[in-house]
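**Student:** Please find the sequence and the predicted model below.
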There are 2 protein chains.
Amino acid sequence: MSNNGEVVNLSPVNVILGSQWGDEGKGKLVDILAKDFDIVARCQGGANAGHTIVADGKKYALHLVPSGILNEATTCVVGNGVVLDIEQLFKEIDNLNIRGRKNKLLISDRAHVVFRLHRECDALREAELSKSSKAIGTTKRGIGPCYGTKVQRTGVRIGDLVNNFDYAAERFRAMVEGERKRFESFPKISEYDPEDELRQLKERLPQLKELVVDTVSFLRSCRAAGRSILVEGANAAMLDIDFGTYPYVTSSNCTIGGVFTGLGIGAGAVDQVIGIVKAYMTRVGEGPFPTEVDGVLAENLRRIGHEYGTTTARPRRVGWFDAPVVRYTNTLNEYTAINLTKLDVLDDFEEVKICVAYKLGGRTLSYGEMPSTLDELSKVEVEYEVMAGWKTKTAACRKFSDLPEAAQKYVLRLEELVGVHIKWVGVGPSREDIIVRENLVHPLKRQRTE
Amino acid sequence: MSNNGEVVNLSPVNVILGSQWGDEGKGKLVDILAKDFDIVARCQGGANAGHTIVADGKKYALHLVPSGILNEATTCVVGNGVVLDIEQLFKEIDNLNIRGRKNKLLISDRAHVVFRLHRECDALREAELSKSSKAIGTTKRGIGPCYGTKVQRTGVRIGDLVNNFDYAAERFRAMVEGERKRFESFPKISEYDPEDELRQLKERLPQLKELVVDTVSFLRSCRAAGRSILVEGANAAMLDIDFGTYPYVTSSNCTIGGVFTGLGIGAGAVDQVIGIVKAYMTRVGEGPFPTEVDGVLAENLRRIGHEYGTTTARPRRVGWFDAPVVRYTNTLNEYTAINLTKLDVLDDFEEVKICVAYKLGGRTLSYGEMPSTLDELSKVEVEYEVMAGWKTKTAACRKFSDLPEAAQKYVLRLEELVGVHIKWVGVGPSREDIIVRENLVHPLKRQRTE
Ligand SMILES: Nc1nc2c(ncn2[C@@H]2O[C@H](COP(=O)(O)OP(=O)(O)O)[C@@H](O)[C@H]2O)c(=O)[nH]1
Ligand SMILES: Nc1nc2c(ncn2[C@@H]2O[C@H](COP(=O)(O)OP(=O)(O)O)[C@@H](O)[C@H]2O)c(=O)[nH]1
């Protein structure tokens, strides 16, 4: 090995991101594309993300493990930006039957540990907020509190746990003390014993150790060796801590920046950015939702689309497609292509509506504008366009031209409104239920279509 | 205005980042390059960053306002990723004498407010930690606590303050209650009155309102209009919340990802990434520092280099150049060029040392590897190379060939070790004291030299 900075070519990284409020169906495209990639990585979020994949008739619910895991040859990486619930991780590893498989799943030594403590605090905080009906509607997986201790620098990282357990334990105890002070009702949770949690973690160490690596230098060496990397975003742009409908957001960056901060790859690394866009809108938990519908229409949409949370089983709020939202998240992420999902869910409707613009104070907002405050967002007037429904099953369509004309028109209108090429159209939950409008992106070079 | 996603070309964004533990002299290059850019933006950090610029014999200490501010034609932008101390902001605005100047300084409506509350909590937390000698050595500017409330979703954003003060005040009071519970000694700080803080803020609103915009759509419209943007990083890669020497880090991402999360620009936006690299190492506050020196050598380096904090006036710890650190941060950021700063500080030394590699457990670490735990980092063996000093003043050198041969050799050896072209060499504090080894980067296209 030379001490010099060698001249190396680093292979590009491709990214899949949620463009709305989550549950767009990111997992399915990751699963489909995984066979073209050596590595599938997650960069942020935790077990609050829920991907459902249907493969060979079997249904898998993944929360922490990247959706590429079902592909035999793929190495899955959990990056430093993820917050890791170790019990949940091993549950998934056991369900997937991948324990002991070398280089199948690698965990960053810089990722933060989600303790049961964090889950307890999540519940306590939501209870506190709901007294004044201001609960955020979190998944109570401890994600927010864990990012909280990370940023306050009282967190514990996986590397500390496996390399220096005593140091990690000491930091953990200090963290417990802090939270105990913060939440008056904390000592009352008599079932929760921090020392017990430590003991359980200690038992996991030998298994955990096998998975932990420095993912920053691992990914660099992969890229230097020309191996291809696909990044799977969790949550979605409108839930981003900076750009989402704050405070009704998740505690991490679910936009493109989270890929860099969550993996430690350089500015030039990212090539394709694929936005996953559902053909209508859904939202879990509280917060603004300009195109929300209710009544029978909502019930139908929810039932046909199976819009119930993977992680919490909560019924999702539903609404019409919101172009300003996707235009805004395209401003944030600059998609090179879009996968429109769940078009088939609209098969039965007489007519479909599209929100084409927001007006605020009489002014039509321009491309990429999104009011940053709840106050303004609650005041936007939504402009709709109504299109004829297609009243035809689309699930068997495999070419764009197979789609009923009205469905083609709907897709093309969305493409026009957002200004990004829609490359894939999902027409059902299975791997096969997808229309590819061109050859797959990889390994094409970045081409802006906006 | 059309409802459609227009096909637009967005101009590229160039970035300046700190590559070590901060205080590399980022402000000077920003100030020099500002005349070539329409916009200079900050994306993260707060008033903990301190830039010192010497222009036309006058010294300016900036903490929040971007260093591009001294250039007449430049618009400065404070992005959503920054945490904003409003009193500090107006102090700087008044010092700079730019009050009322239209489009001179714009603040993101999504940036979080640093309250005096956060500064109080910063001090309380450090006091708590120092009881067990574990203080982080923060600047006590409330940065960490503010990012803490942001991530916990109890924060208040600038947009809320100016658009809906009552809502912001209500959230602020809830935040105070939370912190009051957390810190036993909180009620004892009798001087701190939250209602008083609110009253003062309210008085500032008319002035503040004039500065606040949606910087995400502002930057997009600038890029669509072909205007050039320079981003000025604050703090530095080794202080990054994810990649730095945790927990001795700052609470934001100071690597390239923070540019995306802190401004809302897409993956394809960033062109040049310039790493600012000091010719030796310094560090403020606690935490590991493998090449640290002490005794007379340290005193000399500190005195000659004026290594005292701009924000806190604390003496900085000093040490020899550490190639593994800059190689690691190049892995994270992928610099397209480097500005080596403060070469002149080494003018008087008989010999200069360079750390060329780390060894850990007998193994020489490869390019980009950096132990993630304090435990491992404390165990690395540092391999030095010794080079002859040049014992000649370099401050008047304006071409690379003007430098004494030994100084040239030193620069070229660093370039070789890091593997990135050193385009600028700083030889003194003033704007003029710089060697440019080629035409300035802008507006060249991205060229990898690694
Ligand atoms: N009907 C239909 N279902 C789909 C399609 N694409 C994905 N799904 C299903 O939609 C759900 C995706 O939601 P979820 O897993 O919560 O989304 P993710 O978190 O973004 O992966 C899963 O049950 C998928 O099997 C599609 O094109 N049509
Ligand atoms: N001697 C010398 N001083 C420099 C050079 N470049 C910048 N400086 C000074 O170094 C200091 C930069 O430190 P600081 O402002 O804390 O760094 P920043 O936060 O990265 O901008 C300022 O006092 C500059 O005037 C250089 O090449 N030589």
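**Tutor:** Looks like it arrived, so ask away. Ligands and ions are numbered 1, 2, ... in the order given.
**Student:** Ligand 1 contacts on the stretch 51-200 of chain A?
**Tutor:** A:51-52, A:54 (CB under 6 Å from any ligand atom). Using the backbone N, CA and C atoms, a C-beta is placed for each residue, glycine as well.
**Student:** looking at those residues, which has the most residues close by?
**Tutor:** Greatest neighbour count in these, by other CB atoms under 10 Å in any protein chain shown, goes to residue A:51: 24 neighbours.
**Student:** residues in contact with it?
**Tutor:** Residues near residue A:51 by CB atoms under 8 Å, 6 or more residues apart in numbering or on different chains: A:26-27, A:30, A:61-63, A:67, A:232, A:310.
**Student:** Then residue A:83?
**Tutor:** A:45-46, A:111-114, A:142-143, A:146-147, A:150, A:252.
**Student:** swap the cut-off to 7 Å and go again
**Tutor:** For residue A:83, the contacting residues are A:46, A:111-112, A:114, A:143, A:146-147, by CB atoms under 7 Å, 6 or more residues apart in numbering or on different chains.
**Student:** Can you tell me which of those is nearest residue B:374?
**Tutor:** Of all these, residue A:112 has the smallest distance to residue B:374: 15.2 Å, by CB to CB.
**Student:** Quick check: the gap between the residue lying closest to residue A:262 once chain neighbours are set aside and residue B:14.
**Tutor:** Using CB to CB, 6 or more residues apart in numbering or on different chains and skipping the chain neighbours, the partner closest in space to residue A:262 is residue A:81 (2.3 Å). According to CB to CB, to the nearest Å, residue A:81 stands 25 Å off from residue B:14.
**Student:** Which one of those two is surrounded by more residues?
**Tutor:** A direct count of neighbours by other CB under 10 Å for residue A:81 and residue B:14 places residue A:81 higher, at 30 against 24.
**Student:** do you know how far the more buried one is from residue A:222?
**Tutor:** Note on residue A:81: its distance to residue A:222, by CB to CB, is 17 Å.
**Student:** now do residue A:263
**Tutor:** Distance from residue A:263 to residue A:222, by CB to CB: 11 Å.
**Student:** Could you do residue A:151 as well?
**Tutor:** According to CB to CB, residue A:151 stands 29 Å off from residue A:222.
**Student:** Neighbour count: these two, which is higher?
**Tutor:** Per other CB under 10 Å, whichever of residue A:151 and residue A:222 has more neighbours is residue A:151, with 24 against 21.
**Student:** Next up, the contacts around that one.
**Tutor:** B:147-148, B:151, B:241, B:251.
**Student:** I'd like those laid out as JSON lines, including secondary structure and pLDDT.
**Tutor:** Output for those, formatted as JSON lines (DSSP: H, G, I helix; E, B strand; the rest coil; pLDDT from 0 to 100):
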{"residue": "B:147", "secondary structure": "helix", "pLDDT": "97"}
{"residue": "B:148", "secondary structure": "helix", "pLDDT": "95"}
{"residue": "B:151", "secondary structure": "helix", "pLDDT": "97"}
{"residue": "B:241", "secondary structure": "coil", "pLDDT": "98"}
{"residue": "B:251", "secondary structure": "coil", "pLDDT": "95"}
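**Student:** Let's see if you can find the most crowded of those residues.
**Tutor:** The most crowded member of the contacts of residue A:151, judged by other CB under 10 Å, is residue B:147 (29 neighbours).
**Student:** For the stretch 151-300 of chain A, which segments are assigned as strands?
**Tutor:** In the stretch 151-300 of chain A, the strands defined using DSSP state E, counting those that start in this stretch lie at A:212-213, A:229-232, A:270-278, A:281-283.
**Student:** low-confidence ranges in chain A?
**Tutor:** A:1-7, A:132-133, A:136, A:138, A:182-191, A:310-312, A:439-450 (pLDDT under 70).
**Student:** can you pull out the helices in it?
**Tutor:** Residue ranges of the helices in chain A, as given by DSSP state H, are A:26-33, A:86-96, A:116-130, A:143-151, A:158-163, A:165-182, A:194-209, A:215-224, A:257-263, A:295-304, A:323-333, A:374-379, A:405-418.
**Student:** ok, residues contacting the last one?
**Tutor:** Pointing back at helix A:405-418 there. Residues contacting helix A:405-418 (CB under 7 Å, 6+ apart): A:321, A:323, A:326-327, A:330, A:338, A:340, A:343, A:352, A:354, A:356, A:387-390, A:394, A:400, A:421-422, A:425, B:3-5.
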